[in-house]
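> what's the 3D shape of this:
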Amino acid sequence: MVRQRTNPLEDLIAIASRFPWWISALLVPISYLVLYSIVIRLIMPSALSPGQMGDAVATGFVTTLCMFGQFILPFAFSLAAIISWVRSIKQRKLYETVKSRSDVAVLNEMAGKILKCWLVSISEGRDFRSVTSRAKSGEFSRGISGGTRGFVPGC
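Sure thing, here's the model as predicted:
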């Protein structure tokens with residue numbers, strides 16, 4: 001199966017959406033302020049001698065990247081925060097559903113969820129055996145923030 005190519009912005013959003021939503025939301029103003037401070041500090045000198053052209057080109061390149069990045073990175077982090085927030089709500093609902101019911105039907109629903117995770121893990125190229133062994137051992141019962149996330153890993 002051929003793996004689909006992605007651009008760096010999609011990769012950044014995918015990585016940042018794996019963080020808790022509040023970390024991605026915190027990265028929005030931090031990324032803007034850091035890149036904005038770089039943009040306002042890098043002022044091009046008006047008079048250049050021939051020996052300073054390399055420095056001027058490098059400064060102009062960094063300034064241009066930071067100028068566009070100060071808007072693109074916060075957008076990517078805010079999108080990742082929204083994705084992460086929606087995932088955490090879904091996981092919380094699944095956990096509350098499983099916690100509130102004590103009958104066998106929960107196991108049937110859970111088998112469907114694990115099957116879904118297996119299909120997702122194959123499509124993403126992860127090793128399903130490591131995902132299921134960690135899920136069975138209860139490693140996914142506590143999230144990064146210390147709260148309970150349920151039995152199924154974030155698929």
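> pLDDT on the helix or strand hosting I13, on average?
Element membership of I13, judged by DSSP states H and E, is helix 8-16. The average pLDDT within helix 8-16 is 92.
> the longest helix seen in the chain - contacts with which helices or strands?
If you go by DSSP state H, the chain has its longest helix at helix 53-100. Here helix 53-100 touches helix 8-16, helix 21-41, helix 105-124, going by 3 or more CB pairs under 8 Å, 6 or more residues apart in numbering; DSSP states H and E. Where you see a C-beta, it was placed from the backbone N, CA and C, and this is true even at glycine.
> which parts of stretch 81-95 are buried?
A81, I83, S84, W85, R87, S88, Q91, L94, Y95 (16 or more other CB atoms under 10 Å).
> quickly list the domain ranges of the chain.
1-87, 101-155 (automatic domain parsing).
> and the ones you listed, which one is worst for confidence?
Lowest mean pLDDT within the domains of the chain: domain 101-155, at a mean of 54.
> R18: neighbouring residues, count only.
Applying other CB atoms under 10 Å, we find 14 residues neighbouring R18.
> kindly list the main-chain dihedrals of it?
When quoted as degrees, to the nearest 10, the phi and psi of R18 stand at phi -80, psi -20.
> run a quick neighbour tally on S24.
24.
> OK, contacts around the residue nearest to it when sequence neighbours are not counted?
Once flanking residues are discounted, S24 sits nearest to A81: 3.7 Å by CB to CB, 6 or more residues apart in numbering. Applying CB atoms under 8 Å, 6 or more residues apart in numbering to A81 gives the contacts A16, S17, W21, W22, S24, A25, V28.
> how does it look with 6 Å?
A81 makes contact with W21, S24, A25, according to CB atoms under 6 Å, 6 or more residues apart in numbering.
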